[in-house]
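J.: 3D model of this:
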Amino acid sequence: MSTSTPRPERVTHAHARDVRLPGGLGTLVLVTVDNGFDHTKPTTFGPQGIAELTATLTAVRERVAAGEVAAVAVTGKPYYLAAGADLTQVASVTTREQALELGRGGHAAYRLLNDMGVPTFAFVNGAALGGGLELALACDYRTAAADVRALALPETGLGLVPGWGGAYRVPRLVGIEKALEVVLTRPAANKPYTAAQAAQAGLVDVVLDPADFLEESVRWAARVLDGSVVVERRPLDDAGTWKAVVSAARERLDATVHGSRPAPYRALDLMAAARDADVDAAYAAEDEALADLIMSDEMRASVYAFGLVQGGKRPEGAPDPSLAQPVARVGVVGAGLMASQIALLFAQRLGVPVVMRDLDQARVDHGLAAVQQQVERLVSTGRMTPDAGARITASVTGSTELSVFAGCDLVIEAVTEVLDLKKRVFAELEQVVGPDTVLATNTSALSVTRMAADLEHPERVVGLHFFNPVAAMPLVEVVRAERTSDAALATGFAVAQKLRKTAVLVADRPGFVVNRLLVLLLGKIVEAVENGTPVDVADRALDPLGLPMPPFELFDLVGPAVGLHVLTSLREDLGDRFPRSPGLEKLVADGTTVVRPAPAKGLPKRVDPAVQAVFDSARETPAAGAPLDEAGVLDAVLTALTVEIGHMLDEGVVATPQQVDLCMILGAGWGFHLGGITPYLDRTGYSERVLGRRLLPDGVANVPGR
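T.: The predicted structure is shown next:
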């Protein structure tokens, strides 16, 4: 990536045509927004597109004034109504005045729909995101095709606010509580609405069959016009309810976001005022918020991160895909937690037979039961049909016999993280699998090269590091060992793609990317505690980053024993940058509870006070350093991470800083507002202070010149 001139705007055109309404009701003008490209290039709005929409709607309104038009509707090209603002254009804005004009331009265009003088309709035929959904919300009524699966206002997840009327309209349309879900909660979880969910929420009025959606929408509009269909709108929430809901939401933001990024707070402020503000004041406030946020580093980092995730579907450094071996049968060594999740994913996404093997029948049965339970959960929640569930369950089998792997094209081991055990597994496999079978390891930190060193064909071994939970986490680190062949590597990438994962090529270095950085982060937290920093201070220290969870909750999630094992392993390989922790060793030995239960669903789990006593009792000598405050702990963590990223790039663990960021976003859930990690280290000065250089060019993920 560079600071080169952004691509030209893909101009979205607004085509108007007349449609005769049934029942002699007159003419409906249908405006179709379409950028002229296929579905791989979604319809978005930049300045030229907004100008064309404004011109088209202005001409339509003149016809309305002349009495020629009974209704107006907007729709989109196949698969899309619109995907909102063109983020490439937004991120290229250089002045606040330009940013302000983006907001004002969108408002002016959309107000033409709202003030058309005849009923207006949005026929939501495809994805409607951000400004695309706001286009629909500017209309009086909304239909949606039943197969639409993405309606959302994702702006707060991208460092923005719904700035073309969404922050004002949504709480007035669906109520303040549901609006918080639309604008804050769902974007944070990256969960758009389906058409049915949007109808239930009140964002759309009716869901229609996609087969003849446009015709049905016109007929439905006619029934609204002739009065045979009446759409009821919910009354405005009373002032007390509005205030109480906003107050509770602000407390929740403070407990989860910790002020780490401005967009959710600005959106909440706009929604708080939406009940009593007049439309002019509300839109002006949206314009001001949008202008401030467009000129923020958090928004630029968010757009950078969004681009990385979208571009990550084309793996960097992968071999020619034609070298990949066909995979018609998969073997999984082990039947534990990770093994059963991997088995289900392969059966579900590849549609091939999968066999799990473990040492005794009880373990095999447990693994198969775990697969069955996961399938039943998917079926019961409607995410899988009963027939598909039955097929998948039947396709996953288990055995204690090694010979079941004989016909497999790919065998992946998911056994305990012990190098000698994994070496033994591969040695046994090589005796039964075919000459072209690819052997994969799900190791999270061990050397794949050493694992394969004694094999007759070490070139067939590749690392496929999945993250827990396997179905949900989108990243796979594809590890190229010293002697991994292009064919084995290409097979790994091809499999990851079919599993719908983003694959990142990593070199065979300890911990690869995600675990190396996360375990170092945790190591520096416990090191601070070893040196006398209170555990609650250490646990709060990273709050300003707005990470998915506090450090001790992360410890609890991965398991203290696993964390200790990986920390010890990385210390052995990489030296004392990864600290030893007697307190953590005792914590594991004693089985001490690490965190308290969350005070409410969705709120962080904080460190259990009992952890303090364990660290205090385990301290072998007086603390080597001084206790730190929260800022001091954060500084120690960020300094260590900067040093480590420098080493990783020097070692060629990944080719670029962008790949580090992609791994941290998809493998560790780090927020878009951080840009992964390297943009944050650049804008806070750590890169230049510690490494003597920026990690990314100025302007790639920040406002240039800052």
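J.: what comes up buried for stretch 591-609?
T.: Neighbour counts over stretch 591-609 (16 or more other Cβ atoms under 10 Å) mark 592, 594-595, 604-608 as buried. For glycine as for every other residue, the C-beta is placed from the backbone atoms N, C-alpha and C.
J.: Ok, stretch 278-290 next?
T.: Residues of stretch 278-290 classed as buried: 279, 282-290 (neighbour count, 16+ other Cβ under 10 Å).
J.: same thing with stretch 300-313?
T.: Using 16+ other Cβ under 10 Å as the burial criterion, the residues of stretch 300-313 that qualify are 300-309, 312.
J.: what mean pLDDT does it have?
T.: Confidence over stretch 300-313, taken as the mean pLDDT, stands at 92.
J.: Please renumber the chain so that the first residue is 27 from this point on.
T.: Understood, numbering begins at 27; the last thing we discussed is stretch 326-339.
J.: ok, Ala299 - how many residues close by?
T.: Here the count is done by other Cβ atoms under 10 Å, and Ala299 has 17 residues near it.
J.: quick one: it and Ala162, what's the gap?
T.: Computed as Cβ to Cβ, to the nearest Å, the Ala299 to Ala162 distance reads 23 Å.
J.: again with Asp112
T.: Applying Cβ to Cβ, the value for Asp112 to Ala162 is 18 Å.
J.: and if you look at Ala247?
T.: In this view, Ala247 and Ala162 are 14 Å apart by Cβ to Cβ.
J.: What of Pro68?
T.: Using Cβ to Cβ, which is the criterion applied here, Pro68 is 15 Å from Ala162.
J.: One more: Glu127?
T.: In terms of Cβ to Cβ, Glu127 sits 23 Å off from Ala162.
J.: more neighbours, Pro68 and Ala162?
T.: Set side by side, Pro68 and Ala162 give different neighbour counts by other Cβ under 10 Å, the larger being at Ala162 (29 against 23).
J.: Just want the most central residue of the chain.
T.: What sits nearest the mean C-alpha location of the chain, by Cα atoms, centre = their mean, is Asn216, with 5.7 Å.
J.: which residue packs closest to it, ignoring adjacent ones?
T.: What sits nearest to Asn216 in space, not counting adjacent residues and going by Cβ to Cβ, 6 or more residues apart in numbering, is Gly183, at 6.6 Å.
J.: residues touching the one you found, list them.
T.: Residues touching Gly183, when contacts are defined by Cβ atoms under 8 Å, 6 or more residues apart in numbering, comprise 213-214, 216, 328, 698.
J.: where does the stretch 527-676 of the chain have low pLDDT?
T.: Counting by pLDDT under 70, the stretch 527-676 of the chain contains low-confidence ranges at 646, 649-650.
J.: Would you map the strands across it?
T.: Secondary structure of the stretch 527-676 of the chain (DSSP state E, counting those that start in this stretch): strands located at 528-533.
J.: one step back: could you tell me which of the buried residues of stretch 326-339 are located in strands?
T.: Secondary structure assignment by DSSP state E places none of the buried residues of stretch 326-339 in strands.
J.: would you turn those into TSV with distance to Gly693?
T.: Converted to TSV, these look like this (distance: Cβ to Cβ, whole Å):
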residue	distance to Gly693
Arg326	23
Ala327	18
Ser328	18
Val329	20
Tyr330	17
Ala331	13
Phe332	17
Gly333	18
Leu334	13
Val335	12
Gly338	11
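J.: wait, which of those is closest to Thr423?
T.: If you rank the buried residues of stretch 326-339 by distance to Thr423 using Cβ to Cβ, Gly338 comes first, at 33.5 Å.
J.: dump the residue contacts of the closest residue to the closest one other than its chain neighbours.
T.: Leaving aside its chain neighbours, Gly338 sits nearest to Thr528 (4.3 Å; criterion: Cβ to Cβ, 6+ apart). Contacts for Thr528 were tallied using Cβ under 8 Å, 6+ apart; they are 335, 338-339, 341, 500-502, 522, 688, 692.
J.: one more time with 7 Å
T.: Under the criterion of Cβ atoms under 7 Å, 6 or more residues apart in numbering, the neighbours of Thr528 are 338-339, 500-501, 692.
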